[in-house]
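Q: just to be clear, the model below is a prediction. Sequence and coordinates:
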Amino acid sequence: MQPLVDAYQREITYMRVSITDRCNLRCVYCMPEEGLEWTPSDEILSYDELLRIITVAARRGLRKIRITGGEPLVRKGVVEFIDRVHRVPGIEEIALTTNAVFLKDMAADLFKAGLRGINISIDSLNPDTFAKIVRRDIFHKVWEGIEEAERVGFTPLKLNVVLQQGVNDHEAIDFVNLTRTKPYHVRFIEYMPCANWDTWVKTYKPFQAVVDEVETMTGKMIPINGANEGNTGPAENFRIPGAPGIVGFIHAVSHDFCDTCNRVRLTADGQVRPCLFSEIAVDFRNALRNGCSDEEIEGLLDQVLYVKPEYHELDMIPEEKKLTTMVNLGG
Ligand code: SAM
Ligand code: SF4
């Protein structure tokens, strides 16, 4: 087996798989309020097609899959799909990122299907602020989804919080305080300039400022080292002394973590993108629909490795090119 190693000696073991570009919410930093056209369903990869790519990549050392979207729980058959991914030889870990609107009804089945990791996006603990961010009055459903996921055994439950200056940054301390009573892993994610550049310029807040503000209220947080304590990927994790939960900061913008990048993204329409911030993509859909062999899929994976950029070069991307919406890429 030849591992998936790119030109800069990074081994790719993690694929984020977007199973749909559709979503039931309209988060301000992710989707326009209206005028979005969904990809026609015949252009979206079937579950069999997704599994084929995952299976071949797993033979080359892929170990972790994150199911995302759009909103993955809006696609019919997602529970069965997760069950099938779970059985792919070599895949050791499956996780899901969701807005949790449908989680209350689905959490138990997802757990039964072998899912153990869920990241829930929740940017505010205040129903009104939440409604302004997601453009839907739906906080209570999301919160019920969180409680149900905790009840059926998803621990540690990860909460993704995108902080925006003047919108919800004042709530950072409330999320930190939540970790004092709940075993949640709150992960603050820096707002990334993927859509709506004008808003990003006005509301981007670098994390050092957030850490400083939080620590003036809580005192110094204790840094956590080691993967066993949730310190994986591009996150810096901390704990409030005595708290059951964890606070993490994902410095997506202010620090680059490209030299340890181990991931690629499969879009719902069958392109593999080697970097979130690059327009480069390798199309797998045509090959799959033209009856390609597993060796040909491996050849396409090798192309992905070949074109994976060394750094995201976010600083050098012209503004008009930063418009690829996150919803198409799965975050
Ligand atoms: N719909 C699901 C959800 O919201 O969890 C999964 C897809 S969503 C695109 C995946 C993650 O990307 C979410 O946690 C969301 O907050 C994050 N995201 C979307 N746009 C972002 C942006 N411009 N900057 C930072 N994170 C973003
Ligand atoms: Fe939908 Fe997730 Fe994007 Fe919000 S962040 S609009 S929930 S895909």
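A: In hand now; what should we look at? Ligands and ions are numbered 1, 2, ... in the order given.
Q: switch to C-alpha atoms for all contacts and neighbour counts from now on
A: Noted.
Q: how about the helices of the stretch 101-250 of the chain, start to end?
A: 103-112, 127-134, 139-152, 172-181, 197-203, 207-218 (DSSP state H, counting those that start in this stretch).
Q: the second one - contacts with which helices or strands?
A: It stands for helix 127-134. Contacts defined by 3 or more C-alpha pairs under 8 Å, 6 or more residues apart in numbering; DSSP states H and E place helix 127-134 against helix 139-152.
Q: sorry, back to before: can you lay out the helices of the stretch 101-250 of the chain as CSV showing mean pLDDT?
A: Shown next, in CSV, are the helices of the stretch 101-250 of the chain (pLDDT from 0 to 100):
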stretch, mean pLDDT
helix 103-112, 97
helix 127-134, 97
helix 139-152, 97
helix 172-181, 96
helix 197-203, 74
helix 207-218, 87
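Q: nearest to ligand 1, of those?
A: helix 197-203 (7.9 Å; C-alpha to the nearest ligand atom).
Q: wait, doesn't residue 134 sit right on residue 28?
A: Yes. Counting by C-alpha atoms under 8 Å, residue 28 is a contact partner of residue 134 at 6.3 Å.
Q: looking at the two, which one has more neighbours?
A: Neighbours per residue (other C-alpha atoms under 10 Å) separate residue 134 from residue 28, with residue 134 holding more: 23 against 15.
Q: so how far is residue 242 from the more buried one?
A: 33 Å (C-alpha to C-alpha, to the nearest Å).
Q: reformat the helices of the stretch 101-250 of the chain as a markdown table; add distance to residue 65.
A: Below are these laid out as a markdown table (distance: least, C-alpha to C-alpha, whole Å):
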| stretch | distance to residue 65 |
| --- | --- |
| helix 103-112 | 15 |
| helix 127-134 | 26 |
| helix 139-152 | 19 |
| helix 172-181 | 26 |
| helix 197-203 | 29 |
| helix 207-218 | 27 |
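Q: which one of those helices lies nearest to ligand 2?
A: Closest approach to ligand 2 among the helices of the stretch 101-250 of the chain (C-alpha to the nearest ligand atom): helix 127-134, 6.2 Å.
Q: is ligand 1 within reach of that closest one?
A: No. Under the criterion of C-alpha under 6 Å from any ligand atom, helix 127-134 makes no contact with ligand 1; the nearest approach is 9.3 Å.
Q: between helix 139-152 and that helix, find me the angle.
A: Put simply, helix 127-134 runs at 100 degrees to helix 139-152, going by axes from the mean of the first three to the mean of the last three C-alpha atoms, to 10 degrees.
Q: contact residues of the protein facing ligand 2?
A: So far as C-alpha under 6 Å from any ligand atom goes, the chain lies against ligand 2 at 23, 25, 26, 27, 30, 31, 69, 70, 71, 99, 327.
Q: for the third one, which non-adjacent residue is closest in space?
A: Yep, that's residue 26 we're talking about. Using C-alpha to C-alpha, 6 or more residues apart in numbering and skipping the chain neighbours, the partner closest in space to residue 26 is residue 134 (5.2 Å).
Q: and for the fourth one?
A: On the basis of C-alpha to C-alpha, 6+ apart, the spatially nearest residue to residue 27 that is not a chain neighbour turns out to be residue 134, at 3.9 Å.
Q: for residue 45, helix, strand, or coil?
A: Following DSSP: H, G, I helix; E, B strand; the rest coil, residue 45 is assigned to coil.
Q: for the stretch 101-250 of the chain, which residues are neighbours of ligand 1?
A: 120, 121, 160, 162, 189, 190, 191, 192, 193, 194.
Q: what pairs with the fifth one across the strands?
A: Taking DSSP bridges, one obtains residue 162, residue 250 as the residues bridged to residue 189.
Q: can you get me a residue count around residue 77?
A: For residue 77, using other C-alpha under 10 Å, the count is 10.
Q: now it: how far from residue 4?
A: 29 Å.
Q: still on that earlier bit, now for the residues of the stretch 101-250 of the chain next to ligand 1: which two are most distant?
A: Distance extremes for these: the farthest pair is 120 and 193 at 20.7 Å, using C-alpha to C-alpha.
Q: out of everything not next to it in sequence, what's closest to residue 74?
A: residue 23 (7.0 Å).
Q: quick check: the one you found touching residue 68?
A: No. Residue 23 is beyond contact range of residue 68, at 10.8 Å (criterion: C-alpha under 8 Å).
Q: flag the shaky bits of the protein, pLDDT-wise.
A: By pLDDT under 70, the low-scoring segments of the chain are 194-197, 226-234, 252-256, 313-331.
Q: which residues in it form strands?
A: Applying DSSP state E to the chain gives strands spanning 14-18, 64-68, 93-98, 117-121, 158-163, 185-190, 222-224, 235-239, 246-250, 263-266, 271-273, 282-283.
Q: cool, thanks, signing off.
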